[in-house]
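Student: Pasting a predicted model and its sequence here:
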Number of protein chains: 2
Amino acid sequence: MTAPGPGRGTNSVNLRLYNERNLLQRLRRAGEASKADLARWAQLTNTAVGSIVQSLEESRLIEPAGRRQEGQRGQPAGLYRVNPEGAYGIGVRLDRTIIETVLIDLGGRIMARETHDQLLPHPDRALALVQQDVQRMIDRLDPLQRRRLTGVGLAQPYNLGAWLRELDLEADFRIWDEVDFGEMLAEATRQPVFKENDGNAAAIAELFFGIGREENDFLYVFIGAALGAGAVIGGESMRGSSGNAADLGLMPVPPSQLASAPAPERRWDILLSRASLNALTRHLRHHGIAVEGHADLEAQVQAGRPEVREWLDDCIDALVPSTRASLAVLDLPVVVIDCDIDSGLIDQLMQSLDAGLRAIAPEARQTPRIVRGSFRADAGAIGAASLPMFFSFSPRADLLRGRFHSHPHLQETANA
Amino acid sequence: MTAPGPGRGTNSVNLRLYNERNLLQRLRRAGEASKADLARWAQLTNTAVGSIVQSLEESRLIEPAGRRQEGQRGQPAGLYRVNPEGAYGIGVRLDRTIIETVLIDLGGRIMARETHDQLLPHPDRALALVQQDVQRMIDRLDPLQRRRLTGVGLAQPYNLGAWLRELDLEADFRIWDEVDFGEMLAEATRQPVFKENDGNAAAIAELFFGIGREENDFLYVFIGAALGAGAVIGGESMRGSSGNAADLGLMPVPPSQLASAPAPERRWDILLSRASLNALTRHLRHHGIAVEGHADLEAQVQAGRPEVREWLDDCIDALVPSTRASLAVLDLPVVVIDCDIDSGLIDQLMQSLDAGLRAIAPEARQTPRIVRGSFRADAGAIGAASLPMFFSFSPRADLLRGRFHSHPHLQETANA
């Protein structure tokens, strides 16, 4: 492969790889197809498709799926589909209050999971935990499966040490801003590590395993402890010059009207201080309702407490102009909404956001379709685990431009 | 060429075209280079580069630029540079109060210009004017030059019929929302017509002839009668699913504090009602200062009237959160500011925006570099004329993916 760099030349090796991945993506989306289907769709010759299908089948990424009679006469055409056991990915999701590691297959199924519900410890301690969990995942795979492990994805909020006041957390994570945990993990596990911020990783999970089967262009918004987001444009995840594209949580919003919110220090607050489950927890606590963990928070939502509605109104009041501003910039037709907890909350978020966007829609501009996310509380973990598969198997343009190694030691700076 | 469509296969014809354009872009940026320079830079073989350079020279897009001694011995290496006379583009800029047509060469030089300062007439009348102007441009070219004409670029605000209240205009342009002027123009002139909204076109002019020689990633903001903007990411212009990406003018902002502004109808106004020269004109008129045309407005700015500063403060007050929100979404390191008039106004805009962005910069996020645009009042016209050259000569990823015809009749829906 050529070295990364802007706008370099490209060659026939990249081209072949791109066409291979393109057909693989087509099979992932279509479910099953014959060689003739694929050749028609990709506008490649039957010979080219035959050779690609053969090598995809040899590498076990696809498998035969029976035969289908095409037309009146001749042999029925052989069909192919993606082999869910054709590849595996491990995902590590780090957040300020959780460490989660999962193993998934090419079908997106979670095969194993390890969770530590705790305030993020020192990076050395976190590494020891994660290294052990990753080893457990690898041990579950037999030798043949291990050869199809694409690597480890790491999803974490960037700048873990920041915005603790807005997130209502008493902790000191500044040490996390000084280490490169991806590099530490790559060294400790001897696996290629693919790193993205948590919002982009979850958006990539939707692109690879969820909404992306129907939509090539969407804004993804996840309401969790903080607020994560990602933008998918033309089937590619937008990364940004510092890996922080679609950083909706830091968009300027007017300060909250809730008495539970900290007094504003400046005229503009940031979105994650209002549109996050930490803001909901803070609001409940302000009204004397102590919340311990996710299950407890979900119970409060389910109980239909008026305080939940108060927070929701304030959340939407901030989310509507931020979403509208994001769409003005990105020009996307679909917004995907997902949330760490549900019990009706996701429906309420979707309905209120839709109504709010309609109310401020500028003249001559459509409002977007609001679509429900696919993974709820698993979005972060599946997002992390989808990274090595996405970067190994998606037909991204950077591949053609020779900007991307296919199996790097650490993937973070690939687009830098 | 293959038909447009998402994620199709690609072939060696596209690959060659991409590599050709890539080397051409390198020469445009580097000024001059030898074949060995180009081969090293693009990581292509000497044979491949030799063949590409030969065909670029045969088509007159590049020309010899003397020789340079490389190392201690051997023949001095032949150098090449872009031939400014290698291609021509015609640009038509339509706005609510002006119709402008220019002819430029591959060096970005304006060779001819026709301007009509008037409220946009009926599309049939506008077509008659523009057709005549385009013919005048073509008549200036000799037969050999005419063969190197890449086509006509059309830059116009989309939805010309909308936001007249915010833009302080008494007119009815609704008929313009019902016609496809690009198609009319392609039919009338029998030239390929490339259409973009005015903000994106001006951003493409910066990418192809201005800031783009140093920067691959920037947000472009133009304060004109309205507000136009564009986003350049990885050397490509962002288009959006409806051609309206970087539509900053429609971002939600709090209503203006100026007494001259129309009373707000809703809680959120749109940016172009505050950050536009029409808002400045309205504010001056409110204070009894009638302004007739650009020169007059520029004279008011030059006179240092306090009303200009009042508008500027209100403009920046809206522009700062909108720019910050755009950067949160796009993650770009540079903001390019340009304006229809100057006399110190652009410097004031740049300084005030910089100060405002620093004041609301969120924890752990850099403020962007603010850079002055290259073309001022000519941004729209050069933007329009750069469209046919940009789409004919830039190494865009869509080319590799077989999504783009190289010489379409009408280019507007290429990325749709």
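Tutor: The structure has been received and is ready for your questions.

Student: For the stretch 301-416 of chain A, what lies in contact range of chain B?
Tutor: A:321-322, A:324-326, A:328-333, A:359-360, A:362-366, A:395, A:397-398, A:400-402, A:415 (Cβ under 8 Å from any Cβ of the partner chain). Placement of C-beta: from N, CA and C, glycine included.

Student: From what I see, residue A:96 and residue A:161 are in contact.
Tutor: No: Residue A:96 lies out of contact with residue A:161 (Cβ atoms under 8 Å); the separation is 9.7 Å.

Student: Need the residues touching each of the two.
Tutor: By Cβ atoms under 8 Å, 6 or more residues apart in numbering or on different chains, residue A:96 and residue A:161 have these common neighbours: residue A:173.

Student: returning to what we had before: please flag which of the residues of the stretch 301-416 of chain A next to chain B sit within helices.
Tutor: A:321-322, A:324-326, A:328-330, A:359-360, A:397-398, A:400 (DSSP state H).

Student: how about CSV for these, with neighbour count, distance to residue B:316 and pLDDT added?
Tutor: Formatted as CSV, those follow (neighbours: other Cβ atoms under 10 Å in any protein chain shown; distance: Cβ to Cβ, whole Å; pLDDT from 0 to 100):
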residue, neighbour count, distance to residue B:316, pLDDT
A:321, 25, 19, 98
A:322, 26, 20, 98
A:324, 25, 21, 97
A:325, 29, 17, 98
A:326, 26, 22, 98
A:328, 27, 19, 97
A:329, 30, 19, 97
A:330, 27, 24, 97
A:359, 12, 27, 94
A:360, 17, 22, 93
A:397, 21, 37, 70
A:398, 17, 37, 70
A:400, 24, 42, 66
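
Student: Most widely separated two among those?
Tutor: Taking Cβ to Cβ as the measure, those span a maximum distance of 43.0 Å, between A:359 and A:400.

Student: So for the residue sitting nearest the centre point of chain A, what pLDDT did the model give?
Tutor: Central residue of chain A (Cα atoms, centre = their mean): residue A:202, 1.7 Å from the mean position. Looking at residue A:202, its pLDDT reads 97.

Student: Confirm that it lies within a helix, as I assumed.
Tutor: Yes: under DSSP: H, G, I helix; E, B strand; the rest coil, residue A:202 sits within a helix.

Student: residue contacts, it?
Tutor: If you count contacts by Cβ under 8 Å, 6+ apart, residue A:202 has them with A:155, A:220, A:222, A:228, A:230, A:338, A:373, A:375, A:379, A:380, A:382, A:383.

Student: Farthest-apart pair in those residues, please.
Tutor: Of all pairs drawn from these, the greatest distance, 15.1 Å, lies between A:155 and A:373 (Cβ to Cβ).

Student: between these two, who's got more neighbours?
Tutor: Set residue A:155 next to residue A:373 and count neighbours by other Cβ atoms under 10 Å in any protein chain shown: residue A:155 wins out with 31 against 22.

Student: and that one, bridged to which residues?
Tutor: Note on residue A:155: beta-bridge partners by DSSP bridges are residue A:93, residue A:196.
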